[in-house]
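J.: Generate coordinates for the sequence data below:
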Amino acid sequence: MKHQIELIIPPEKIYDQEYLLSISAKKLGVNLSEITAFKPVRRSIDARQNPVFKVLYDVYVGELPDGDSPKYIYNPVSGKKNAIIVGFGPAGIFAALRLIELGIKPIIIERGKDVQTRRRDLRSLQRDHLVNSDSNYCFGEGGAGTFTDGKLYTRSVKRGNVGKILEIFIQHGANPEITIESHPHIGSNKLPRIISAIRQTILNAGGEIHYGSRVTDFIIKDKKIKGVVAHTGQKYLANAVILAAGHSARDIFQILYKKNIKIEPKPFAIGVRIEHPQPLINEIQYKAKIKSENLPAATYNLSYNVDGRGVYSFCMCPGGIIVPAVTGPEEIVVNGMSMSRRDSPFANSGLVAEVKEEDWNKENNGSPFVALDLQQKIERHAFKLAGNTLSAPAQRVTDFVEGKMSQTLPKTSYIPGLTSARLDEELPGFIIRRLKRALKIFDKKMHGYYTDEAVLVGVESRTSSPIRVPRNRETFMHEEIQGLFPCGEGAGYAGGIVSSAIDGENCADAAGKFIK
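T.: Below is the predicted model:
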């Protein structure tokens, strides 16, 4: 018989199988010898007092569990039916896999490079401040998530099969524990290898992947999309097009606008990266200076409402580093990432405030680019503040709130370096006001969060797309163009790896029905 029980486990015992089996037997009232299998289902940390693990287990008494987890098979596709996928991030990847399941050949058009080659451009970006506008932390195989942490936590459980997404990652090399962690994470050092394995699955099934191909036009006739044109002049034709270009593909938005394909401004969020020493965050969250080696680097999740706008932590990276997420010249954009071990001495997180229609420039309210223009303006101003380099503008948290220039800045994980700047004067006033109020509130929730040991690094502006490409709720197709399926973060319908992957699957299903 299978029983499901929850155990409260001290950190020093979390990997002690003999102890875990013993307390399971005691809780069930059975002999230890009667337990035939023991599997964790869900694991989280409760740090309200002394930190402990809370683990949900399936315990089998007198029987064995079913066989292995389901495997997803990708049989070769003939090519009689095909669909173009613009972009090879999470939405594009999982759209391709789902199309193969449906017997449809995916033709992937990716402006960037494969993950291995892409690493060289990231190295040049970090060390030499050289920006490749088609190969960076946002563009290239795997999309933004590949080299910015690989977080798999999502609230989008009603949109699709989250379990399937995780199992596909496991099938291609991810640690099976991602199915039991409350906030699963792969790590930027391991995800590229997994993405490479998924690529091979797609190619083995007959899918096409065209790297270094930036889309410059859409082929449309009688309100129906027929294909796309790459910057090389190469035309690609197909039965449908899934547009999964990512939230930073500003040139795609411009092409859509010029082709009279409807787009619209969308609320998003702007702010900074806040970086603390990781030991400080551990002490605050675990309520002790010394933590068990079995406790991971502590995380946090903060939010507060100011002036009717949410101010919140975003993409928190325990034991992580801050990276330059720029996609073009003369701009500063920062993001965060962690390796699988999360062993950096720093903790960073986005600290952002919602930007809604009332915050946009009223004079340009008729333009679909009004939100994007604001985003771009802030990024370019940050570049000037940093002396026209990728050395990001920064300010100690206490100086930001008190309105002072930071005479010195703390050590940082940001490799291009920091430049002291008055972020409290240079960011938009409505962002400054909301961040200042939220910082004091967050210190009440996490005493010690507001400290001169913490630094604000500007700017965190690519939290989501400032443009939406509108689509029909039922068909997932663009409201005006037949066969065009706007998808993922870039189209305004997802946020993060798993929700983007789910949206990719949903759009592939919709494209399959359209193609028939």
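
J.: those helices in the stretch 301-450 of the chain, which residues are they?
T.: Applying DSSP state H, counting those that start in this stretch to the stretch 301-450 of the chain gives helices spanning 370-385, 397-402, 423-426, 429-445.

J.: Between helix 370-385 and the last one, find me the angle.
T.: In terms of direction (axes from the mean of the first three to the mean of the last three Cα atoms, to 10 degrees), helix 429-445 departs from helix 370-385 by 80 degrees.

J.: Okay, buried residues for helix 429-445 please.
T.: 430-439, 441-443 (16 or more other Cβ atoms under 10 Å). Bear in mind the C-beta positions are built from the backbone N, C-alpha and C, glycine included.

J.: same check, this time on stretch 306-321
T.: Applying 16+ other Cβ under 10 Å to stretch 306-321 flags 306, 309, 311-321 as buried.

J.: mean confidence score for the lengthiest helix in the chain?
T.: With secondary structure taken from DSSP state H, the chain has its longest helix at helix 497-515. Across helix 497-515, the average pLDDT comes to 97.

J.: Format the helices of the stretch 301-450 of the chain as CSV; extra columns: mean pLDDT.
T.: CSV is the format used below for the helices of the stretch 301-450 of the chain (pLDDT from 0 to 100):
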stretch, mean pLDDT
helix 370-385, 96
helix 397-402, 98
helix 423-426, 97
helix 429-445, 96
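
J.: quick one, which of those is nearest to residue 353?
T.: Judged by Cβ to Cβ, the one of the helices of the stretch 301-450 of the chain that comes nearest to residue 353 is helix 429-445, at 4.3 Å.

J.: just checking, what packs against that closest one?
T.: Counting contacts by 3 or more Cβ pairs under 8 Å, 6 or more residues apart in numbering; DSSP states H and E, helix 429-445 is packed against strand 268-277, strand 303-306, strand 309-317, strand 346-355, helix 397-402, helix 423-426.

J.: which is the next helix or strand following that helix?
T.: strand 455-460 (DSSP states H and E).

J.: gap between that next one and the chain center?
T.: Chain-centre distance of strand 455-460: 18 Å, with Cα atoms, centre = their mean, to the nearest Å.

J.: Stretch 401-411 too?
T.: 30 Å.

J.: just stretch 13-33 next, same as before
T.: On Cα atoms, centre = their mean, the centre of stretch 13-33 falls 38 Å from that of its chain.

J.: ok, now stretch 202-211?
T.: Per Cα atoms, centre = their mean, the centroid offset for stretch 202-211 relative to its chain is 24 Å.

J.: How about residues contacting it?
T.: Contacts to stretch 202-211, defined as Cβ atoms under 8 Å, 6 or more residues apart in numbering, come from residues 74-79, 88, 93, 96-97, 99-100, 105-110, 112-114, 141, 199, 230, 234, 236.

J.: Buried subset of those residues as a PyMOL selection?
T.: One line in PyMOL is enough to select the buried ones among the contacts of stretch 202-211; burial here means 16+ other Cβ under 10 Å:
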select buried, resi 74+77+88+93+96+97+99+100+105+106+107+108+109+110+112+113+114+141+199+230+236
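
J.: Now, the contacts of stretch 202-211 that are in strands?
T.: Secondary structure from DSSP state E places 105-109, 230, 236 of the contacts of stretch 202-211 in strands.

J.: Kindly reformat those as JSON lines containing distance to residue 245 and pLDDT.
T.: What follows is those, written out as JSON lines (distance: Cβ to Cβ, whole Å; pLDDT from 0 to 100):
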{"residue": "105", "distance to residue 245": "20", "pLDDT": "98"}
{"residue": "106", "distance to residue 245": "15", "pLDDT": "98"}
{"residue": "107", "distance to residue 245": "15", "pLDDT": "98"}
{"residue": "108", "distance to residue 245": "12", "pLDDT": "98"}
{"residue": "109", "distance to residue 245": "9", "pLDDT": "98"}
{"residue": "230", "distance to residue 245": "13", "pLDDT": "98"}
{"residue": "236", "distance to residue 245": "14", "pLDDT": "98"}
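
J.: Which pair of the residues you listed spans the longest distance?
T.: Using Cβ to Cβ, those span at most 17.8 Å, a distance reached by 105 and 230.

J.: Mind listing what's buried along stretch 462-476?
T.: Neighbour counts over stretch 462-476 (16+ other Cβ under 10 Å) mark 462-471, 476 as buried.

J.: Make CSV from the helices of the stretch 301-450 of the chain and add distance to residue 204 to it.
T.: Shown next, in CSV, are these (distance: least, Cβ to Cβ, whole Å):
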stretch, distance to residue 204
helix 370-385, 39
helix 397-402, 50
helix 423-426, 49
helix 429-445, 48
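
J.: Go through the ones you listed and name the closest to residue 64.
T.: helix 429-445 (45.5 Å).

J.: for residue 7, phi and psi?
T.: phi -120, psi 140 (degrees, to the nearest 10).

J.: what residue ranges in the stretch 51-200 of the chain are flagged as low confidence?
T.: 68-70, 149 (pLDDT under 70).

J.: That one: strands as residue ranges?
T.: Assigned by DSSP state E, counting those that start in this stretch, the strands in the stretch 51-200 of the chain fall at 52-61, 82-86, 105-109.

J.: dump the residue contacts of the residue nearest to residue 505 when sequence neighbours are not counted.
T.: Nearest non-adjacent residue to residue 505, counting by Cβ to Cβ, 6 or more residues apart in numbering: residue 98, 4.5 Å away. Contact analysis of residue 98 by Cβ under 8 Å, 6+ apart lists 504-505, 508-509, 512.

J.: Between these, which sits nearest residue 9?
T.: When those are compared for distance to residue 9 (Cβ to Cβ), residue 505 wins out at 35.2 Å.

J.: From what I see, the closest one and residue 93 are in contact.
T.: No. Taking contacts as Cβ atoms under 8 Å, residue 505 lies outside contact range of residue 93: 10.2 Å.

J.: so how far is residue 21 from the residue located most distally from the centre of the chain?
T.: Centroid-distance maximum for the chain: residue 31 at 45.4 Å, with Cα atoms, centre = their mean. Here residue 31 is placed at a distance of 11 Å from residue 21 (Cβ to Cβ, to the nearest Å).

J.: Could you do residue 402 as well?
T.: From residue 402 across to residue 21, the span is 55 Å (Cβ to Cβ).

J.: higher neighbour count, these two?
T.: Between residue 402 and residue 21, counted using other Cβ atoms under 10 Å, residue 21 has the larger neighbour count: 15 against 11.

J.: Is it correct that the more buried one falls within a helix?
T.: Yes. Counting by DSSP: H, G, I helix; E, B strand; the rest coil, residue 21 falls inside a helix.

J.: Figure out how far stretch 310-323 is from the centre of its chain.
T.: Taking Cα atoms, centre = their mean, the mean C-alpha location of stretch 310-323 is offset from the chain mean by 11 Å.

J.: again but with stretch 165-180, I slipped
T.: 17 Å.

J.: End to end on it, go ahead and measure it.
T.: Across stretch 165-180, the terminal residues are separated by 14 Å (Cα to Cα, to the nearest Å).

J.: Give me the buried positions along that stretch.
T.: The neighbour-count check on stretch 165-180 (16+ other Cβ under 10 Å) flags 165-172, 174-175, 178-180 as buried.

J.: How about stretch 6-14?
T.: Buried residues in stretch 6-14, counted by 16+ other Cβ under 10 Å: 7, 9, 11, 13-14.

J.: Show the contacting residues for residue 212.
T.: Counting by Cβ under 8 Å, 6+ apart, residue 212 touches 110-113, 134.

J.: Swap in 7 Å and give it another go.
T.: Residue 212 makes contact with residue 113, according to Cβ atoms under 7 Å, 6 or more residues apart in numbering.

J.: Would you mind measuring from it to residue 356?
T.: Residue 212 sits at a distance of 37 Å from residue 356 (criterion: Cβ to Cβ).

J.: what's the answer for residue 154, then?
T.: Residue 154 sits at a distance of 23 Å from residue 356 (criterion: Cβ to Cβ).

J.: Also residue 170?
T.: Distance, residue 170 to residue 356, by Cβ to Cβ: 39 Å.
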